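**Q** Pasting a predicted model and its sequence here:
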Amino acid sequence: MTGCDTISTDKDSPKILILTTTACSYPGVDNAGQKHLEYPASTYVVNVLDPVIFPVSFYIDAFKMGYDGIYIASCGTDSPYKGTFEKLSKRIGDTVAEMKKIGIHYSRIKLSAICTVCADHFVHELKTFMEEVKNAPKTPELEAVS
Amino acid sequence: MHLRHPSLRRLAKERENNMSDYSTLIIGSGIAGMQTAIDLGDMGYKVLMIDKQASIGGTMIQLSKVFPTLDCASCITTPKMSSAFHHDNVDVKTLCEIHDYKQREDGRFEVTLLQKARFVHESMCTGCNECAEACPVVAVDTGYDEGMGYKKAIGVPFATALPQKAALDIDNCIFCGKCANACPTEAIDFSMRDELTTVVVDSIVIATGFHETPMIKEKFGGGSIKNVITGKQMERLLAPTGPAGGVFRPSDGKIPWSIAYVQCAGSRDATIGVPYCSAICCMFAVKQAMLLSAAVPLADITIYYMDMRTFGKGHEEFFEEARAMGVNFVKGKVAKIEEDPETKDLIFHVEQFGEDGGLKTFTHDLAVLSLGVVPQWNQEMSAIVPVQLNPDGFIKEIRFATEPGLTSIPGVFAVGTATGPKDIVDSINSGSSVAGKVAVWLSGGLREEYDVQYLPIAPSVIGGK
Amino acid sequence: MESKTNGEKKPRVGVYICHCGGNISDVVDTAKVAEEIAKLPEVAVSKDFIFMCSDPGQKMIADDVKANNLDHVIVASCSPRLHEMTFQRVVSDAGLNPFQYKHVNIREQVSWVHSHHPDEATEKAYHLIRGGIAAVLKQDPLNPIVKQMIQKAAVIGGGVSGMTAALDLADRDIPVHLIEKAPVLGGHLLELDRVFPVEVDAQEMISSLIKKTMNHPNIFLHLDTEVVKTEGSIGNFRLVLNKTDEKVLDESKFAATLEVNNEKVEDVSELRVGTIIMATGHDFYEPDEGEFGYKKSPFVVTLPQLILHLNNYKGEKFVYKGKEIKSVAMIHCVGSRQIEGVHEPKNGKLNTGCSRVCCTTTLQQANRLKEMFPSINIYDLYRDIRTYGEQETYYKEASENNVIFIKYPDDEPPEVTANGKISIKTKDILTYGLDLEVEVDMVVLAVGIVPRIRTSIIEDLSLPLGQNGFLQEAHVKLRPVESSSEGIYLAGTAQGPKNIRESTMTASAAAAKASSVLTRETIELSPFVAVVSPEKCSGSAQCVAECEYNAIKIVDSGLSGEGVQQAVIDPSLCTGCGACVPACPEEAIHVQGFELDKIKAQLKAMLVEAN
């Protein structure tokens, strides 16, 4: 097969944690599959009702475990839960500040909004994000999470 | 919500001598029929839902996206299909039609059902679709794909079909037997025949839905111009599950750069027997125009209309959004569409209103006729279940304004577009409201409305498992 | 078979990898994944199979659970949205808790998106399954939360929708409290003429509805009453009632319908019910002074005012306020379909929506005027005539009655000058943009429908409102008559403009939804809710402010000793969103099914390489 050379497959491909939501982005990521779009395989989806559940320390721990980037596919302002997107945005802001303190580059985290049929948008954003993570300054050695 | 029913289960026990097979027979499994089935099932009534197609889902499962939220139609329909199909209190028969009907003196109904042969044993089929792979026949799919795609003579009807079971299309089958050889579970059986079965039910809900007004208008080519298609055909082209993975024009497969919609092409015209407004065409045209601006970003999209009827909640705002996106709304009457014999382009003769109005001609690559909504329930079916019809062919409701859904026969109800044009939300509301009315009927109510004496039949309530 | 009696027993996980008839196995080397997974110590069974969802596939799991004493099951196949429930049922039937099952998506999120990279796809499938195993092992069994149901309903609003909903419930033997602010039942229907499109007399219809409602043994009336406070959740709402002395209606006009049977009227100050139906209705748009000449001339009236005037009208000639009316102009879309920059916002807001009923009502009244006073001239100034469905006949009839239709541009509303004479200047699209000026004796404004939001319930229960201020449904299509708060249902125009047929339809639909929970003695709620660990909670109350659903309260708890303040969460109000979780300084809150240590275990396991 040809025509898929743009998909990075090398072992150095950054490991991306994708946080999704039951109402919006999990079906949206599924939709990319239904449309047989392609994106790199070093991507790991974990689904929750709303990423507002995660404290700053969760993101830091994920970096410490070895994820190179975190992509938060939220519902955006379409969230079925009241007021969570504002809180989530602020949380990610706080996380970036914390990341700065320990030397993790801000381009390694991205907050996005993905709807149930936003397949193309999702794949485009994910690929762009992975490029950014690849080019991001290296993270110093972090202590492991117990 | 799957809930256990302590009170109703007790009720069921008290009525062990029940003589009905089901509380309700629902004819048709489109969105309205499914909603009625789910709600009655949730209330603890045992329901049989039948459909003449090989899968449940009706018209809605064929659609691309739904207005005004632009959710994909299948994302909304499949959960409903799944909860109806897997509901403990709902039994489903596909490829099944009504054949005969008798109302007994106690008010119950004896309905004879015609179970068409599937030629595949449902219990054995795993839905692997190897049969379709093996089948050498390629026929135009006039069902799910509205004539825009092709299908094999056997296979699972479509990707999200329920049941996920193959069915054989006897009209196109050449009896080569390749499918039977390919089937890993030996589920295919050419010896199956149509069968008649009788069920006794306490009530009937007609949910037979609509089809588009036929393309009979001569001034729009009467169905003979290739690049004049119907709204539902465009739905298939736009659907993520569509036949071509994109929008093309039928004459040459090219991408259409100029697409025109003709509103009221099969409604608001007494000469074709459709004097009423079909209520959904304005919104589906606006929706398709928006989807087309994404699917074919450089295309010009024109909608010829007389009155833009975007009357539902959030619909006006949706229309304004389409206008802002650059969809061209032209107030005018399309007098005639002609085909250029060389290019197969379409020449529109239009009486345009407004300041720069007058008689004009425009050229478009592809035309979509916003045809109307006509009922699927017909005289033939009324000969079986003798409900009264309105002059326009829809099922008559004896309490149109106050208690929608009650037909002329006590115990027989109608939902969705069987009683008149409705959009999806109104069809769902109609399904839920009639489920409520059926429950009232089964609990002994509504007798006053009908002035009937016979008493409430002990309903065949079966709660949970 | 190993002994299971020791305290810390070794987990026995069954892992099943589906081929999906090639959909997965053409890309992912399912046999190899099964083989690698089988090497893990916690895995007792690891198999791959052509169709796990098929009957043989399901049976394989059920048999293995029994034969191999499996305590957890993983199926790696299509999206959980397709078959998670299927397999939860399988393990549940086999005797495990449904949450001892974990679904891993290797079709939509692996084979279909990495189809050109089978090696990476195979590796990813392995990693995702390892994550799934780690997660399911950290998952405690969960059960639905069972709650007692008060098998009574409250209906707020005694208009046509409220009465219809109440009657439907009452007919199903459910006691209903019908609460109406006004001293009479009937709502706006009392002011109407004929109900389209079947031409039922509105007064007759409403009298029969009122009679039925008043005589129903299961309906308890609370007239002149409003709800001042609401608390609780599905199954158990507490409503505090208060008498109003609102005399909104001119009683003389409605004498026929005012036969209130006082014995039926309940006089209580507090109610407890299981569900609430909101049938609070609408108001008509009140034009500003000077808007289309309103209040500048007594002969500029609204459509409801015209209907009321005509309802009891007798006479050959149409006389209004001493003047004979020979010509009428009816202007559509007053207070509806408003456009920024063209229309004046009211209270800072435009009503952008279409009011749905005014076109038909206007034409119905135009036809009525023509019928009563055949020589009258009627000009109908409209943007689009929206007589949808069967209502098209009104448009046809009006055309046959020689009503003169003038289509004005959306962004150039007609100008009404009313000093002595009334004159209207407008542009007409139908005559290719001609500027017209007509003089008329009366102007009728087809005013739109605006929300009537005057009940404390909305604030007390934080019910969401939509764009134009109507109550917002939980999902436009999946749940059109339910509010996002469980146990609250929406009927009639409280949710958006509707005609009478549509109102009664939604009222019956709301009643049907309510009755399916009200006929139960108990209800089961989703287990995905936040829970407080009392041994950790110090009562800091940081979580309370985070909760948008008022689900968290700080109470005196006997659990950690005398007088200790701790948080408790009402599971029937909690949506499981998790906003409270990071707010807790003691990490004392978790959302069941989404425990952070479980997710972290999954994250860690997904990165472990195969040996």
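**A** Ah, there it is.
**Q** Not counting its neighbours along the chain, what's nearest C:Arg501?
**A** Leaving aside its chain neighbours, C:Arg501 sits nearest to B:Ala401 (4.7 Å; criterion: CB to CB, 6 or more residues apart in numbering or on different chains). Bear in mind the C-beta positions are built from the backbone N, C-alpha and C, glycine included.
**Q** So that neighbour: helix, strand or coil?
**A** For B:Ala401, the assignment made with DSSP: H, G, I helix; E, B strand; the rest coil gives coil.
**Q** Quick check: pLDDT value at it.
**A** B:Ala401 is assigned 86 on the pLDDT scale.
**Q** Then C:Asn550?
**A** As predicted, C:Asn550 sits at a pLDDT of 85.
**Q** need the contact list for it.
**A** C:462, C:573 (CB atoms under 8 Å, 6 or more residues apart in numbering or on different chains).
**Q** helix/strand/coil for it?
**A** Quick answer, by three-state DSSP: C:Asn550 is coil.
**Q** how about it, phi and psi?
**A** Note on C:Asn550: backbone dihedrals following degrees, to the nearest 10 are phi 50, psi 40.
**Q** next SSE after the longest helix seen in chain A?
**A** Ordering each helix of chain A by length in residues (DSSP state H) puts helix A:84-102 first. Going down the chain from helix A:84-102, the next helix or strand is strand A:109-113, by DSSP states H and E.
**Q** got the angle for that following strand vs helix A:84-102?
**A** Angle of strand A:109-113 versus helix A:84-102, following axes from the mean of the first three to the mean of the last three CA atoms, to 10 degrees, is 170 degrees.
**Q** where in chain B is pLDDT low?
**A** The model of chain B has pLDDT under 70 over residues B:1-18, B:75, B:451-465.
**Q** just chain A next, same as before
**A** A:1-11, A:117, A:145-146.
**Q** which stretches of it form strands?
**A** Assigned by DSSP state E, chain A shows strands spanning A:16-21, A:43-48, A:69-74, A:109-113.
**Q** tell me how far the ends of stretch B:182-194 are from each other?
**A** Stretch B:182-194 has an end-to-end distance of 24 Å (CA to CA, to the nearest Å).
**Q** contacts for that stretch?
**A** Contacts with stretch B:182-194, where a contact means CB under 8 Å, 6+ apart, come from B:114-121, B:124-126, B:128, B:130-131, B:133-134, B:154, B:166, B:168, B:175, B:177, B:179-180, C:50.
**Q** Filter these down to the buried ones.
**A** Buried subset of the contacts of stretch B:182-194 (neighbour count, 16 or more other CB atoms under 10 Å in any protein chain shown): B:114-121, B:124-126, B:128, B:130-131, B:134, B:154, B:166, B:168, B:179-180, C:50.
**Q** From the residues you listed, which land in strands?
**A** B:114-115, B:154, B:168.
**Q** How many residues are close by the residue nearest to C:Arg501?
**A** B:Ala401 is flanked by 23 other residues according to other CB atoms under 10 Å in any protein chain shown.
**Q** Help me confirm that B:Asp42 comes into contact with C:Ser516.
**A** Yes - using CB atoms under 8 Å, B:Asp42 is in contact with C:Ser516, at 4.2 Å.
**Q** neighbours around C:Arg386, how many?
**A** C:Arg386 has 27 neighbours, counted by other CB under 10 Å.
**Q** try B:Glu355
**A** Considering only other CB under 10 Å, B:Glu355 is surrounded by 10 other residues.
**Q** give me phi/psi at it?
**A** phi -60, psi -40.
**Q** Please name the nearest non-neighbouring residue to it.
**A** C:Gly433 (3.2 Å).
**Q** near chain A, which residues of chain B show up?
**A** Contacts of chain B with chain A, taken as CB under 8 Å from any CB of the partner chain, map to B:65, B:70-72, B:75, B:240.
**Q** Please name the nearest non-neighbouring residue to C:Glu415.
**A** Closest to C:Glu415 by CB to CB, 6+ apart is C:Lys425, at 4.5 Å.
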